[in-house]
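K.L.:
need the 3D shape of this:
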Amino acid sequence: MKIILKMLLTAIAVIVLAKFLPGIHVASYTTAIIVAVVLGLLRIFVRPQGKRI
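P.N.:
As a prediction, the model looks like this:
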């Protein structure tokens, strides 16, 4: 349930950012959901390299 909520919030963020940023266009809500899934998969497999103490 938590992962579905994160995906939906990411899709909403993609749609909102596309409204404000010039040059970015989202064709449909389905496209925004696909972008959210891809970003979610990237977060799972590619972890940012932070400073380790």
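K.L.:
name the residues of stretch 14-27 that are buried.
P.N.:
Buried positions in stretch 14-27, judged by neighbour count with 16 or more other C-beta atoms under 10 Å: Val14, Ile15, Ala18, Val26. Quick note: C-beta positions are derived from backbone N, CA and C, even for glycine.
K.L.:
between these, which sits nearest Ile44?
P.N.:
Val14 (17.7 Å; C-beta to C-beta).
K.L.:
can you tell me the element Ile34 falls in?
P.N.:
helix 29-45 (DSSP states H and E).
K.L.:
check which residues of that helix are buried.
P.N.:
Ala32, Ile33, Val35, Ala36, Leu39.
K.L.:
quick one: contacts of stretch 18-31?
P.N.:
Stretch 18-31 has contacts (C-beta atoms under 8 Å, 6 or more residues apart in numbering) with Ala11, Val14, Ile15, Leu17, Ala32, Val35.
K.L.:
and Ile34, how far is that from Pro48?
P.N.:
Separation of Ile34 from Pro48 (C-beta to C-beta, to the nearest Å): 23 Å.
K.L.:
sorry, that was for Lys6
P.N.:
Taking C-beta to C-beta, one finds Lys6 at 17 Å from Pro48.
K.L.:
those two: which is more packed in?
P.N.:
Lys6 (14 against 5; other C-beta atoms under 10 Å).
K.L.:
element containing Thr10, please.
P.N.:
Here Thr10, judged by DSSP H and E, is contained in helix 2-20.
K.L.:
roughly how far out does stretch 32-43 sit from the chain middle?
P.N.:
Remark: stretch 32-43 is offset 5 Å from the chain centroid, using C-alpha atoms, centre = their mean, to the nearest Å.
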